[in-house]
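>>> I'd like to go over a predicted model; first the sequence, then the structure.
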Amino acid sequence: MNRVELVGRLTRDVEVRKTQSNLSVASFTVACDRRVSRDQQNQGQQTADFISCVAWRQSADFLAQYGKKGNIVAVEGHIS
């Protein structure tokens, strides 16, 4: 099973391009907060993972219109 669900903030505005066959492709990065376990060094501080994502077709067009830096997004898909 290869399924992932992410919730985080966009790190920059979404970049959209068109393929030669006129399909929309959106590239964006999602910053997902992650808590570090409490120990003597980190004391429960938060960190973030930065996940590169790609969306196609209507999803890409939607993100192009509404996806701005700092917006919270939920992404569902698979890792490749």
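Happy to help now that I have it.

>>> when you work out contacts or count neighbours from here on, use the C-alpha atoms and nothing else.
Will do.

>>> let me see the ranges of the strands in this protein.
Remark: strands assigned in the chain by DSSP state E are 4-10, 15-18, 24-35, 46-56, 72-77.

>>> ok, which of those strands comes nearest Gln65?
Smallest distance to Gln65 across these (CA to CA): 9.8 Å, for strand 15-18.

>>> okay, that closest one in CSV with CA atoms only?
Below are the C-alpha coordinates for strand 15-18, written out as CSV (Å, rounded to 0.1, in the frame of the first residue of the first chain):
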residue,chain,number,x,y,z
GLU,A,15,4.3,27.1,-10.1
VAL,A,16,2.1,25.8,-12.9
ARG,A,17,3.4,24.7,-16.4
LYS,A,18,1.8,23.1,-19.4
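
>>> now that strand: average pLDDT?
Per-residue pLDDT values over strand 15-18 give a mean of 95.

>>> once you drop chain neighbours, what's closest to the spatially most central residue of the chain?
Taking CA atoms, centre = their mean as the criterion, Val30 is the residue nearest the geometric centre of the chain, at 2.8 Å. Once its chain neighbours are removed from consideration, Val30 has its nearest residue in Leu10; the separation is 4.8 Å (CA to CA, 6 or more residues apart in numbering).

>>> OK, contacts around the residue nearest to the centre of the chain?
Val30 is in contact with Val7, Gly8, Arg9, Leu10, Thr11, Phe50, Ile51, Ser52, Cys53, Val73, counting by CA atoms under 8 Å, 6 or more residues apart in numbering.
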